[in-house]
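Student: How does the following fold in three dimensions:
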Amino acid sequence: MKITEKVFYAIAIPAIFAVLTLSALLYWSVKTGFDDYLNAHDEQQITSSIETLQQLYERYGSWANLALKSLDPPEGRANHEPQSDFFRPPPESVDHEGYFPQPRRRPPPRRDDGPDRPRPAPNDSLLDSHGLRAGDLPRALNALGVFGDLQMRITLLDESSRILFGPPPKPDDQHFTLKVKDTPFGFLLVHPRPTEESELQLAFLSTQLTSLSVFAVLIMVMCALTALWFARHLLGPLRAVVKGYHVLNSGDYSIRLNKEEKRDDELAQLILDFNALADTLEKNRTLRERWVADISHELRTPLTILRAEIESVLDGIYPLDEHRIRLLQQEVISLSQLVADLNELSMADQGALHYHRQPIQLTQWLQQSAEAFRPRLAQKQIQLEIHLPTGDSTFMGDSQRLHQLMTNLLENSFRYTDAGGRVVVTLSETANHWQIQLDDSAPGVPDWAMARLFERLFRVDKSRTRRAGGSGLGLAICQAITEAHGGTLQPSHSALGGLKMTLTLPKT
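Tutor: Next up is the predicted model:
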């Protein structure tokens, strides 16, 4: 499986799982909340029904009066006078089970009907213990809107627990006592809500489930698209780096990767690091090629001279005298020095040079090293000036390697300073460092060559021979010794017109 697919699945699967879990929780919450709403609505309806029944019973004094008087207009009130909305009963009838009756229209009064016309005597066979006919009380309560949508779940009992209407009581009914001035006059039983969900509930929950399903599918699609985009966006630079690595591995160090301008993350830094690596490899290959070419040239020159001198002696062109032998010896010594310098640089690159650090006095060491080189400077009438501070100048270092460093710097000044010039050596200190400055007079070093002075086998004047200009390894050896002591060596233009080398060494 590709890493793009792994990243896609790693992002998409948890996101989809979270969406499904959230959808299930939301559906459960809606369903539970809807049930809670129905229960709260039932409680409100029950409380309202109980309060209304107690008020009506207190007003009429009995179930019979409540049923009969609440249906007929009060005596002495004209038929055309409207009753209040609370007590206006619509004409209804009751079914045979005692539930709230279905509406029916009362017959219109005949002409001789009037408010003073006496009510016909009821048939005693149709009356119950309260003097009510079947359906009177349910019709009256329904007309008054006492129970609302709870009417199919209500059983009403009188104070003797006799059923006034409704189905027989069940063990799991809710029981409520009806009281007027702390005197019970009946009981209200509320049957539990049916366990099977009603059509209204099913329709509501189905609508919510459909909406949640649509939203969940849309969100999962969005999550999948986002995960795909993120995987490509995240792994795009990685694919470019892998492709670039294969190009580097083939030996082409000129490849560079393009970084998105708006991208500023670890992957952008990875691209920059890849380009830096490619730059370093290309630079090192160029230096290596030039290094091999320069080494070949440096070795070929003394060997060519030796071969020519020996062949001249063998052919009888030059006599084999002491002068000729000294010339040959000088070439061998130069060749040996070049090989020694190359070996020392190779060991420095490998970290194989050994340093014997011990406390030394920089003033004493610098005085001895500079004075030892004074006779050689005098060969070109170059004046040497030494400026040293007083006091303690202890430094932990290898005196032999530091002497080699100073000798190479003075040798560089000797080779490139015009006759009759000056060389000034100065030791100073700061809070945390020692500074040794070596200034020489003209000629100076051009700006373009200043940064290349420490390159191996580099010479500012290409026309100088190895004998006149040295091997080109002296300053590179000086830099290696300086870095081994934790210091820095910086070239710059000198106020005397030549080159200034600043050696900075830490005090600790």
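
Student: CA atoms for contacts and neighbours, from now on please.
Tutor: OK.

Student: do you know how far V423 is from P375?
Tutor: With distances taken as C-alpha to C-alpha, to the nearest Å, V423 is found 13 Å from P375.

Student: cool, and H246?
Tutor: Separation of H246 from P375 (C-alpha to C-alpha): 59 Å.

Student: give me the low-pLDDT residue ranges for this protein?
Tutor: 1-4, 70-134, 195-198, 200-201, 260-262, 294, 297-298, 301, 349-353, 460-472 (pLDDT under 70).

Student: For the residue nearest the centre of it, which residues are in contact?
Tutor: Among the residues of the chain, the one closest to the centroid is D265, at 9.5 Å (C-alpha atoms, centre = their mean). D265 makes no contacts at all, as judged by C-alpha atoms under 8 Å, 6 or more residues apart in numbering.

Student: Could you do H191 as well?
Tutor: 153-155, 170, 172-174.

Student: ok, so of these, who is nearest F17?
Tutor: D172 (41.3 Å; C-alpha to C-alpha).

Student: any idea how far the closest one is from N39?
Tutor: On the measure of C-alpha to C-alpha, D172 and N39 end up 15 Å apart.

Student: ditto for A231
Tutor: When A231 is compared with N39 (using C-alpha to C-alpha), they lie 49 Å apart.

Student: of those two, who's got more company?
Tutor: A231 (20 against 13; other C-alpha atoms under 10 Å).

Student: quick one: the more buried one and A12, what's the gap?
Tutor: For A231, the distance to A12 equals 10 Å [C-alpha to C-alpha].

Student: now swap in H433 and tell me
Tutor: H433 is 59 Å from A12, where distance means C-alpha to C-alpha.

Student: Comparing those two, which shows the higher neighbour count?
Tutor: Using other C-alpha under 10 Å as the criterion, H433 and A12 rank with A12 on top: 21 against 15.

Student: show me what contacts the more buried one?
Tutor: Taking C-alpha under 8 Å, 6+ apart as the test, what A12 contacts is 223-224, 227.

Student: Output those in TSV; the columns should cover secondary structure and distance to G474.
Tutor: Below are the contacts of A12 laid out as TSV (DSSP: H, G, I helix; E, B strand; the rest coil; distance: C-alpha to C-alpha, whole Å):
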residue	secondary structure	distance to G474
C223	helix	65
A224	helix	64
A227	helix	60
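
Student: Most neighbours out of those residues, which is it?
Tutor: Busiest of those [other C-alpha under 10 Å] is A227, holding 21 neighbours.

Student: quick one, what contacts that residue?
Tutor: Going by C-alpha under 8 Å, 6+ apart, A227 touches 7-9, 11-12.

Student: taking those residues one by one, which sit in helices?
Tutor: 7-9, 11-12 (DSSP state H).

Student: Kindly reformat these as JSON lines containing distance to W448.
Tutor: What follows is the ones in helices among the contacts of A227, written out as JSON lines (distance: C-alpha to C-alpha, whole Å):
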{"residue": "V7", "distance to W448": "50"}
{"residue": "F8", "distance to W448": "53"}
{"residue": "Y9", "distance to W448": "56"}
{"residue": "I11", "distance to W448": "54"}
{"residue": "A12", "distance to W448": "57"}
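
Student: Can you tell me which of those residues is nearest F274?
Tutor: For the ones in helices among the contacts of A227, the nearest to F274 is V7 (22.9 Å; C-alpha to C-alpha).

Student: Can you give me every residue that contacts that closest one?
Tutor: 227, 231.

Student: so how many other residues sit close to the closest residue to Q361 other than its chain neighbours?
Tutor: Counting by C-alpha to C-alpha, 6 or more residues apart in numbering, T394 is the residue found nearest to Q361 once chain neighbours are left out, at 4.6 Å. For T394, the neighbour count with other C-alpha under 10 Å is 16.

Student: do T155 as well
Tutor: Neighbour tally, T155, other C-alpha under 10 Å: 23.

Student: just checking, it touches P167?
Tutor: Yes: the pair T155 and P167 qualifies as a contact (C-alpha atoms under 8 Å) at a distance of 6.1 Å.

Student: Quick check: phi and psi at the residue nearest to Q361.
Tutor: T394 has phi and psi values of phi -70, psi 140 when expressed as degrees, to the nearest 10.

Student: For V190, see how far away it is.
Tutor: For T394 relative to V190 (C-alpha to C-alpha), the value is 104 Å.

Student: Same check on G486?
Tutor: 95 Å.

Student: More neighbours: the two, which one.
Tutor: V190 (22 against 13).

Student: in the sheet, who's paired with the more buried one?
Tutor: Counting by DSSP bridges, V190 is bridged to I154, Q174.

Student: I325 versus that one, what's the distance?
Tutor: 133 Å.
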